[in-house]
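Enquirer: any chance you could fold what I've pasted below:
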Amino acid sequence: MNGHGGFAVYLFPQALEMLGEAIKPYLTDQPNGPHVFCREIDTGGAFTEMNLVGRNADGQEVQVELMVPTSMIRMIVSAQNEGEFGFGPR
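Expert: Model (predicted):
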């Protein structure tokens, strides 16, 4: 799945607990729950591959590939910028 916006990947609470401190630098904590925001995602396999943009110690942008077992993923939400969609008020 590739797009212009990205994807919010929500993990099961047990997965967050199991991954512990290792996953925390990649999490975005929002009111709707912690998730990994990534630009590209590949769900075809035992591991889900997520490509995201990070920053190194010098503040420069770096590409990061994060892989977690697919069974840890609770939900993936597409955050594309392709106009409005849905049934809510506009």
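Enquirer: going forward, measure contacts and count neighbours with C-alpha atoms only.
Expert: OK.
Enquirer: pull the number of nearby residues for F47.
Expert: 16 (other C-alpha atoms under 10 Å).
Enquirer: surely it meets I73?
Expert: No. Taking contacts as C-alpha atoms under 8 Å, F47 lies outside contact range of I73: 9.9 Å.
Enquirer: that's a strand at T28, yeah?
Expert: Yes. Assignment of T28 by DSSP: H, G, I helix; E, B strand; the rest coil places it within a strand.
Enquirer: who does the one helix or strand in the chain whose mean pLDDT sits lowest pair with, and is each partner parallel or antiparallel?
Expert: Lowest by mean pLDDT, DSSP states H and E among the helices and strands of the chain is strand 2-11, with a mean of 79. With DSSP bridges as the test, strand 2-11 is paired with strand 33-42 (antiparallel), strand 73-78 (antiparallel).
Enquirer: most tightly surrounded among those?
Expert: Stretch with highest mean neighbour count among those: strand 33-42 (a mean of 19; mean count of other C-alpha atoms under 10 Å).
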